[in-house]
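*Asks:* The amino acid sequence is not available; the structure is as follows:
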């Protein structure tokens with residue numbers, strides 16, 4: 001799920017925090033960086049474990065209704081499509097998902113009121129009632145209602161967002177990415193083996209990604225003064241202290257990639273940091289950063305300071 005863009009964004013935030021703080025221990029800053037990356041995966045796992053929690057609540061709710069003094073016909077003979085949904089059963093029985101939930105200590109224990117609010121947010125919806133009344137519901141019917149519950153109720157839920165925000169300051173920035181991962185997981189559940197679906201991993205190449213994040217973070221800090229001089233030389237009409245701190249950090253990271261990462265194409269580096277500036281800096285930053293980096297790349301190439309290796313990278 002995580003791409004190099006997401007890693008660059010995490011490193012950007014970690015560097016901003018590092019340069020703003022009084023604690024300049026690189027190891028401590030790196031530890032906080034990896035903590036911010038690793039904890040994001042918890043959101044994905046919390047979301048995946050929600051259908052089982054909702055099913056458990058619904059089962060108890062239907063049983064309680066049978067015990068009413070004057071139960072209705074539906075109370076005595078409840079519609080069971082949701083509590084017997086085979087996709088939810090697959091999620092519950094997945095050994096790999098349960099292993100990850102235990103490893104990350106993910107559960108909804110003690111959150112009965114939250115689960116109740118979530119269940120009641122969709123239980124009377126027309127599309128949900130229509131699903132409940134379907135006789136011989138197909139596997140795709142069962143899948144479709146899970147999609148609907150996620151997209152119509154769980155993903156937009158302010159209750160869940162507040163819950164996540166209270167849990168960790170790192171989660172909300174990447175919540176949409178984790179939501180996409182959840183829907184991909186639900187799509188991958190098969191009728192003949194519903195508990196043997198593919199779990200989305202945070203990184204496709206975890207070791208390489210962590211190495212990239214670590215080197216980008218550490219080298220940008222180690223060579224920070226040198227990179228600041230490079231920027232100052234190309235912004236002579238500006239006092240370096242007047243340039244937005246985020247813009248300076250993004251340009252330092254870009255210079256680091258240009259000089260220290262021979263396998264990353266120049267164009268990729270330029271495009272990435274210009275795009276990141278759109279989300280993390282001022283509206284004018286895109287053009288400013290683009291102009292400075294263009295001049296910088298031209299100068300570095302002319303002085304043979306950019307050495308890219310690998311197929312298609314040698315210029």
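*Replies:* It's in. From a predicted model like this one, the values you see are computed outputs, not experimental measurements. Numbering: from 1, shown residues only.
*Asks:* for the chain, what spans make up the strands?
*Replies:* With DSSP state E, there are no strands along the chain.
*Asks:* just for it, where's the confidence low?
*Replies:* 238-241, 310-315 (pLDDT under 70).
*Asks:* Centre-most residue in it?
*Replies:* Compute the mean C-alpha point of the chain, and by CA atoms, centre = their mean the closest residue is residue 174, 3.3 Å away.
*Asks:* Could you report the distance from the residue nearest to it when sequence neighbours are not counted to residue 48?
*Replies:* Distances taken as CB to CB, 6 or more residues apart in numbering place residue 40 nearest to residue 174, at 4.7 Å, with adjacent residues excluded. No exception for glycine: its C-beta is placed from N, CA and C like everyone else's. Separation of residue 40 from residue 48 (CB to CB, to the nearest Å) stands at 14 Å.
*Asks:* Check residue 282 too.
*Replies:* 37 Å.
*Asks:* more crowded one of these two?
*Replies:* When neighbours are counted by other CB atoms under 10 Å, residue 282 and residue 48 differ, and residue 48 comes out ahead with 23 against 12.
*Asks:* Surely that one is in contact with residue 182?
*Replies:* Yes - Residue 48 lies in contact with residue 182 (CB atoms under 8 Å); the separation is 5.9 Å.
*Asks:* Pull up the overlap in contacts between these two.
*Replies:* Here residue 48 and residue 182 have no joint contacts, going by CB atoms under 8 Å, 6 or more residues apart in numbering.
*Asks:* which residues touch the residue nearest to the centre of the chain?
*Replies:* Per CB under 8 Å, 6+ apart, neighbours of residue 174: 6, 40, 43.
*Asks:* top of those by neighbour count?
*Replies:* residue 43 (24 neighbours).
*Asks:* Residue 278 and residue 5: what is the separation?
*Replies:* 12 Å.
*Asks:* quick revisit: joint contacts of residue 40 and residue 48?
*Replies:* Counting by CB under 8 Å, 6+ apart, nothing touches both residue 40 and residue 48.
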